[in-house]
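Asker: Build me a structure from this.
(one chain, ligands or ions: 1)
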Amino acid sequence: MSESMKTTLNELCQKDIATASDAELYTALLKLVQEQSQKQIKPVTGRKLYYISAEFLIGKLLSNNLINLGLYDEVRETLASIGKSLADIEEQEPEPSLGNGGLGRLAACFLDSLATLDLPGDGVGLRYHCGLFHQNFKNNIQNEAPDFWLTDQCAAKATDTVFPVSLAGNTYSARLYKLPVTGYEGRTNMLNLFDLDSVDESVIGDGISFDKKDIARNLTLFLYPDDSDEDGRLLRIYQQYFMVSAGAQLILNECAARGCNYHDLADYAAIQINDTHPSMVIPELIRLLEEHGISFDEAVQIVTDTCAYTNHTILAEALEKWPRHYLDTVVPQLMPIIEKLDDIAKTRTTDSSLAIIDQNQVVHMAHMDIHFSHSTNGVATLHTQILKESELAGFYQLYPNKFNNKTNGITFRRWLLKCNPALTSEIESLIGSGFKKDASELKKLLNYTDDAEVLKKLSCIKKANKEALASWLEDKQGIKLNTNAMFSIQSKRLHEYKRQQLNLLFLIHEYLEIKAGHTPATPLVSIFGAKAAPAYIIAKDIIHSLLTLSQVISEDPEVSRYLQLAFVENYNVSAAEKMIPACDLSEQISLASKEASGTGNMKFMLNGALTLGTMDGANVEIAEAVGNDNIYIFGQSSKQVIHRYAAGDYCAKDWYEADPNLRRAIDFLTSEEMLKYGDEEHLKRLQNELINKDWFQTLPDFNAYVVRKEQAMSDYAVNPEAWNRRTLINIAEAGFFSSDRTIKEYDDDIWHLGK
Ligand code: GPV
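Answerer: This next block holds a predicted model:
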């Protein structure tokens with residue numbers, strides 16, 4: 001324990017901390033973090049990055065900030081000396097609800113790495129009041145409730161800065177909130193979040209419903225408001241323009257304050273457009289530069305030199321495009337600019353598929369990004385290759401030099417130091433602490449692959465993490481997990497391309513095998529975490545089927561000795577921090593070619609799970625790093641998949657009819673056992689979808705998945721030491737997937753910050 005820390009905390013609490021409540025200690029620690037992180041604010045010289053994103057899935061901040069400020073151990077020990085636990089105090093903090101999935105978590109990891117690498121780089125986004133939604137299960141069905149997370153103690157502080165933003169001809173005031181982002185032994189940058197004072201949480205009705213037309217009151221209530229009707233789609237454009245217009249004004253102001261005359265904007269600012277949600281920043285900046293007296297042609301050049309675009313998907317339906325009359329309604333001031341940009345694009349190519357505004361008067365946001373920014377990147381080697389060769393091939397021909405790859409990464413401060421302290425200190429005792437700043441040093445662990453004691457230690461740490469997860473889940477959901485089992489985890493957004501339904505079919509298969517007397521090589525605990533978009537019907541059917549199956553299994557003692565299925569409610573960053581360190585087998589089973597990168601795959605690997613995956617996204621690079629013996633790869637290749645789509649002759653029913661195991665599993669969805677706890681409409685709809693459509697080709701990969709997963713289960717059971725050695729190799733080879741490496745590449749190739 002440190003006396004000086006105790007004195008500091010006493011002062012901040014204004015009382016003896018031994019008598020302080022968790023809430024008082026929490027407040028004191030927030031003050032401590034605030035004061036210390038202020039000290040790390042550094043002046044900006046040269047180019048500064050603005051990372052504009054609809055999402056920042058930052059997770060709870062207190063512990064992470066303490067770690068990054070080098071105060072964590074001292075605070076934890078001081079609290080422990082008076083019988084308090086930092087983990088309990090952290091329970092006081094609501095998790096910020098500012099993101100949805102990998103794209104938002106990536107933005108959060110990037111902010112951490114920028115600040116750690118001492119690079120000037122801020123985030124720009126929206127201050128959602130209820131973020132995504134809070135998920136709860138009732139009758140095995142997902143329900144949505146508003147996720148109120150804003151409190152008086154929220155780290156995002158209101159400022160006096162407001163910018164006028166014109167939406168559908170009415171002027172609104174965007175207020176700036178600032179949330180400090182402190183790096184590990186680095187600097188403090190800012191996450192800039194905009195909000196409207198008039199937004200009113202009381203307009204929310206049943207579930208997460210509200211009047212979509214009442215922009216003044218609803219604008220920043222939710223991330224990704226339901227876009228299944230036109231009002232919802234218009235609301236998304238309102239949000240996007242509000243974010244980029246206020247963001248663009250902030251950027252111009254800050255640069256001007258540092259001496260920029262706007263002609264030289266690209267020397268002061270680099271803007272990264274995180275997918276297409278912020279794409280309107282391009283015409284908006286042009287509009288603002290023209291207001292400052294710069295000619296249109298020059299403004300186009302300045303903006304192109306300043307902006308860069310990251311693509312995060314090849315799914316056509318996720319590439320935003322808006323009917324032009326939407327933009328005419330919401331942002332009439334931008335349409336003349338977008339039209340002129342479209343004219344310029346047409347002088348560069350005769351290929352009409354590359355137009356910004358197509359023949360049907362639909363505006364393609366990604367096309368505008370590629371024509372009018374200087375860099376387009378994918379997020380994993382395979383993804384970038386597919387963009388170049390197929391999805392964006394026409395653009396690649398036109399602008400070969402704009403295209404580049406930046407394989408995603410994760411911050412090890414949160415995804416190792418914070419979430420797995422036991423593993424962190426074991427690693428530190430073996431190879432020192434250099435890996436915290438230089439992740440490639442993890443390779444030094446390869447010296448211990450034959451050290452039986454180290455391998456044993458790894459498995460003890462894993463066991464303890466499983467116990468911790470089990471007791472958390474028992475408290476939360478009353479589920480008792482068998483911690484002697486192998487833990488397989490699939491946690492990510494619920495989407496057909498990610499194929500939670502493939503895992504579902506496997507679990508039905510195992511259930512039926514166990515019923516038939518064929519017990520598995522090891523007991524298996526299969527854990528899911530996923531939210532489905534509220535309007536995504538099949539995704540909700542998949543959740544329903546999993547929850548129903550979970551009940552079928554748990555009501556059957558004979559089966560549940562060997563097999564358990566747990567679905568973690570309201571999966572978020574905090575849940576991930578508990579789940580990932582407890583995992584043996586990381587499920588990364590998307591249809592090859594569809595997962596741009598994945599970042600969960602990296603988090604699991606870093607925490608000593610082996611990957612069961614398809615050759616998709618960053619799985620390909622993980623396989624390369626660890627070698628085929630240390631990963632379980634299965635399924636069609638991306639080439640085969642792309643070929644099958646092109647041929648257009650995939651027929652799910654043929655597969656259903658040809659494979660008796662597959663047929664048995666799919667038929668089981670509407671069996672008596674399932675109907676006892678499940679709803680026929682949901683179960684039937686999913687069954688029908690699988691047999692008659694199966695757009696993401698679950699069926700062709702079913703057999704290979706079963707074989708590979710059973711192999712993993714047998715390896716795990718038969719030779720634990722060999723398994724532990726392979727987990728060590730996975731940890732040792734995870735260094736490449738540090739977001740510090742990713743950010744360094746962005747900086748070297750695209751941003752050139754501080755110069
Ligand atoms: I587009 N991603 C996401 O989370 N939300 C989106 O709207 C879109 C993409 C994800 C991809 O699905 C992942 O493969 C990728 O790892 C992640 O973005 C970060 O690049």
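Asker: which residues touch the closest residue to Val568 other than its chain neighbours?
Answerer: Of all residues not flanking Val568 in the chain, Gly529 sits nearest, at 4.3 Å (CB to CB, 6 or more residues apart in numbering). For every residue, glycine as well, the C-beta is placed using N, CA and C. Counting by CB atoms under 8 Å, 6 or more residues apart in numbering, Gly529 touches Ile489, Gln490, Ser491, Lys492, Phe567, Val568, Tyr571, Ala575, Ala576, Met579.
Asker: just curious, which of these is nearest to Arg708?
Answerer: Distance to Arg708 across those (CB to CB) is lowest for Gln490, with 14.4 Å.
Asker: pLDDT score for the closest one?
Answerer: Listed pLDDT for Gln490 reads 99.
Asker: Distance from the strand or helix carrying it to the middle of the chain?
Answerer: Take DSSP states H and E as the rule and Gln490 turns out to sit in strand 486-491. Distance of strand 486-491 from the chain centroid (CA atoms, centre = their mean, to the nearest Å) equals 18 Å.
Asker: likewise stretch 139-157?
Answerer: 17 Å.
Asker: If you count neighbours, what's buried in it?
Answerer: Buried positions in stretch 139-157, judged by neighbour count with 16 or more other CB atoms under 10 Å: Asn140, Ile141, Gln142, Glu144, Pro146, Asp147, Trp149, Leu150, Cys154, Ala155, Ala156.
Asker: now these in TSV, with pLDDT and distance to Ile282?
Answerer: Output for the buried residues of stretch 139-157, formatted as TSV (pLDDT from 0 to 100; distance: CB to CB, whole Å):
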residue	pLDDT	distance to Ile282
Asn140	98	45
Ile141	98	41
Gln142	98	37
Glu144	98	33
Pro146	97	33
Asp147	95	31
Trp149	96	31
Leu150	96	31
Cys154	93	31
Ala155	94	31
Ala156	96	26
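Asker: who are the neighbours in contact with the nearest residue to Leu547 once chain neighbours are set aside?
Answerer: Distances taken as CB to CB, 6+ apart put Asn140 closest to Leu547, at 3.8 Å, once the chain neighbours are dropped. Going by CB under 8 Å, 6+ apart, Asn140 touches His544, Leu547, Thr548, Gln551, Tyr677, Gly678, Asp679.
Asker: Confirm for me that the first one is in contact with Glu681.
Answerer: I take that to be His544. No: applying CB atoms under 8 Å, one finds His544 not in contact with Glu681, separated by 9.4 Å.
Asker: Neighbour count: those two, which is higher?
Answerer: His544 (24 against 10; other CB atoms under 10 Å).
Asker: For the ligand, see how far away that one is.
Answerer: From His544 across to the ligand, the span is 23 Å (CB to the nearest ligand atom, to the nearest Å).
Asker: any idea which helix or strand carries that residue?
Answerer: Per DSSP H and E: helix 537-554 holds His544.
Asker: Same question for Ile622.
Answerer: Short version, using DSSP H and E: Ile622 is in helix 619-626.
Asker: near the ligand, anything from that helix?
Answerer: No: figure legend: helix 619-626 not in contact with the ligand (CB under 6 Å from any ligand atom); closest approach 10.4 Å.
Asker: all strands for the stretch 201-350 of the chain, in order.
Answerer: 269-274, 307-310, 321-323 (DSSP state E, counting those that start in this stretch).
Asker: So which of those is nearest Val362?
Answerer: Across those, closest to Val362 is strand 321-323 (CB to CB), at 5.0 Å.
Asker: what's the next secondary structure element after the strand or helix carrying Leu66?
Answerer: Leu66 belongs to helix 62-68 when assigned by DSSP H and E. As assigned by DSSP H and E, the chain's next helix or strand after helix 62-68 is helix 72-81.
Asker: And that following helix, what does it pack against?
Answerer: helix 3-13, helix 22-39, helix 62-68, helix 86-90 (3 or more CB pairs under 8 Å, 6 or more residues apart in numbering; DSSP states H and E).
Asker: For the ones you listed, give me TSV that also has distance to the ligand.
Answerer: Below are those laid out as TSV (distance: least, CB to the nearest ligand atom, whole Å):
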stretch	distance to the ligand
helix 3-13	38
helix 22-39	26
helix 62-68	20
helix 86-90	25
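Asker: deepest of the ones you listed, which one?
Answerer: helix 62-68 (a mean of 24; mean count of other CB atoms under 10 Å).
Asker: any idea of the mean pLDDT in that one?
Answerer: Mean pLDDT, computed over helix 62-68, is 97.
Asker: same check, this time on stretch 669-685
Answerer: On average, stretch 669-685 scores 98.
Asker: Going by neighbour count, list what's buried in it.
Answerer: Using 16+ other CB under 10 Å as the test for burial, stretch 669-685 gives Leu669, Thr670, Glu673, Met674, Tyr677, Gly678, Asp679, His682, Leu683, Arg685.
Asker: which of those sit farthest apart?
Answerer: Glu673 and Arg685 (18.3 Å).
Asker: any chance of the helices and strands packed on helix 72-81 in a markdown table, with distance to Leu79 too?
Answerer: Converted to a markdown table, the helices and strands packed on helix 72-81 look like this (distance: least, CB to CB, whole Å):
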| stretch | distance to Leu79 |
| --- | --- |
| helix 3-13 | 8 |
| helix 22-39 | 7 |
| helix 62-68 | 11 |
| helix 86-90 | 5 |
